[in-house]
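In: sequence first, then the predicted structure:
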Amino acid sequence: MAIRYLILLSFLLGSGFLQAQAPTIGTLYNSPQSLEGYTLFGSSNNTQTYLINNCGQVINRWVGSAPPGLSAYLLQDGSLIRTMRILNNNMSMGGLAGGLERFDWGGTLLWSYRCSGRDSTSHHDLDVLPNGNILLLAAYSKSISEAVAQGRDSNINNDTILFSESILEIEPIGTDSGRVVWRWNLWDHLIQDQDSSKPNYGIVSEHPERMNINYIGSSVSKDWMHSNSISYNPTLDQIAIGFRNTNELWIIDHSTTPAEAASSSGGRYRRGGEILYRWGNPATYNQGTSADQHFFGQHGVRWIPDSLPSGGQLIVFNNGHVTGISSVETFMPPSDSAGFYTRPAAGNAFGPTAPTWLYSNSSDPIFYANRLSSAQRLSNGNTLICSGVNGYFVEVDSLGNAVWAYRSPVTGTGLLAQGVAVNAGVNSVFNALRYGPDYIGFLGRSLIPMNPIELNYDISHCQLYNSMAKIEDKPVLKVFPNPASQELFIETDITLNRVEIYDILGKRLKTMAILDDKILVSDLPTGFYTLIINSLFSQRFSIAR
């Protein structure tokens, strides 16, 4: 169970760790179990982006030309890329961006790009590809007549326009230009069962690879989908996208040509730009009811890199804006070793049936966030969580114990002073990211800490630990033979506590506490499987006889 926040502070006070009143902002708690590194974040309503150490001392600061819209990332050359908010009355929406900025380590503007027109705008999030190109979420305005022509029920909307979600791949050019080299558009992948005389007509439940243009989710406004996060998987060449208003995530193929992305064939996975996989709310494709819904306004959909614990899984901040309970979850999309997702049999939803790891803390009054927010799996197996509405970051270990906590003192009108009570929403943050001290972007950079951000600061209660000693190498983990027949062996340098086996549909078949490195699989049929070790490490394997 997670540590109760108030009990934790009481313990620290009683032990003399905090010399005076418990802090209200800045670093609330730091322990040796935390991944000592540098956390990047920016206020949702402030132009500044900060990089801090675990005691909240500023390592670097960048000043943008506008508030974010909404994300920022530190690149491997030490530069910062951020979205910026450009006013667009025609495309007003939550998470409005419209532009990008990239600064060097010293704060000099290297590149800016406007991605906003009368009837289109970028929004929320971005991801940077290995070749330096940038994936952007973008919304395009369609008239209701255009939507009805595609099979939209004219009685649904309460707006005169409807947004189509898109993904753009931008190649940066010079200091203030860019070129769209690839595009994916939701409008090319619709299904409807309202009017057989209109395009896209079919049985919705038989086409999970398409979006039902008449699905009514959390909103019937023009922003009916509201994507808010994007993540690229370089191993699979796939893109994950999170949609708040339909309460699900999708995976699509990036290996397609622009023409293939608008079709249902081609690309590495042979389905063009169709949805390869979706999860969180099977009612969107008529394979369930509200009782089967798992996500509620989720944010921060991210692939966990293969090099980290739980590599290959997805991590999500499930806001719970209907349930009133937020959680962070990881899960493995069921697939074979080549990244092909198994389509569910008729009458079934995509798996898995449950996440592989879940953290929630209803006893912490500032953990719940009905919007914004993010989560990140760290190299030591811990998870950094951003409760966005409260500007609250907490790092927890794999058992849910809090090992570091911080609350942003940055608001849209200035900085908060230590000891002042913080009202929810004034210091909101879209996402927070931790970079270890060995991150390549820090090579040759000055990491001398400056004063904390908050006014009237006091960090006498905080101690920094030997960060380099805390970075652990990725553990040795070998599963063999692969394919297996009767027995499966695990070679590893970690203690084996718990092992689970999932089938290709995400159904958990076995859970065991093992005493040695051998698992009997003679009772399993031939096929593809996923092994989850200690709820952290995953390995795909197959059985052949």
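Out: Looks like it arrived, so ask away.
In: I'd like the next helix or strand past the helix or strand of the chain with the lowest mean pLDDT.
Out: Ranking every helix and strand in the chain by mean pLDDT, DSSP states H and E puts helix 5-15 at the bottom, with a mean of 31. Toward the C-terminal end, the helix or strand that comes next after helix 5-15 (DSSP states H and E) is strand 26-30.
In: what average pLDDT does that following strand get?
Out: Averaging pLDDT along strand 26-30 yields 96.
In: and that strand, which strands flank it?
Out: Here strand 26-30 has these sheet partners by DSSP bridges: strand 402-407 (antiparallel).
In: Three-state assignment for the nearest residue to residue 263 once chain neighbours are set aside, please.
Out: With sequence-adjacent residues excluded and distances taken as C-beta to C-beta, 6 or more residues apart in numbering, residue 263 is closest to residue 272, at 4.1 Å. The C-beta positions use only the backbone N, C-alpha and C, and glycine is treated the same way. Here residue 272 takes the coil state, with states given by DSSP: H, G, I helix; E, B strand; the rest coil.
In: now do residue 136
Out: Reducing the assignment to helix, strand or coil with three-state DSSP, the entry for residue 136 is strand.
In: okay, now it: neighbour count?
Out: Other residues lying near residue 136 total 24 when counted by other C-beta atoms under 10 Å.
In: cool, and residue 58?
Out: 14.
In: got it, and residue 280?
Out: Using other C-beta under 10 Å as the criterion, residue 280 is surrounded by 24 other residues.
In: go on, the one 3 residues further on?
Out: Residue 283: 20 surrounding residues under other C-beta under 10 Å.
In: could you report the distance from the spatially closest residue to it that is not a sequence neighbour to residue 327?
Out: Nearest non-adjacent residue to residue 283, counting by C-beta to C-beta, 6+ apart: residue 289, 5.9 Å away. Here the criterion is C-beta to C-beta, to the nearest Å. By it, residue 289 lies 21 Å from residue 327.
In: quick one: which of the two has more around it?
Out: Under the criterion of other C-beta under 10 Å, the comparison of residue 289 against residue 327 puts residue 327 first, with 22 against 9.
In: check contacts around the closest residue to the more buried one other than its chain neighbours.
Out: Spatially, and ignoring its direct neighbours in sequence, residue 327 is nearest to residue 360 (3.9 Å; C-beta to C-beta, 6+ apart). When the contact criterion is C-beta atoms under 8 Å, 6 or more residues apart in numbering, the partners of residue 360 are 2, 325, 326, 327, 328, 367.
In: and what of residue 246?
Out: By C-beta under 8 Å, 6+ apart, the contact list for residue 246 reads 211, 215, 217, 218, 224, 225, 281, 284.
In: what is the nearest of these to residue 524?
Out: Compare each of those with residue 524 using C-beta to C-beta and the shortest gap goes to residue 281, at 30.3 Å.
In: now do the contacts for that closest one.
Out: Residue 281 makes contact with 217, 246, 247, 248, 288, 292, 293, 294, 295, according to C-beta under 8 Å, 6+ apart.
In: do that again at 7 Å, thanks
Out: With contacts defined as C-beta atoms under 7 Å, 6 or more residues apart in numbering, residue 281 is in contact with 246, 247, 248, 293, 294, 295.
In: per-residue pLDDT of it, please?
Out: In the predicted model, residue 281 carries a pLDDT score of 97.
In: thank you, goodbye.
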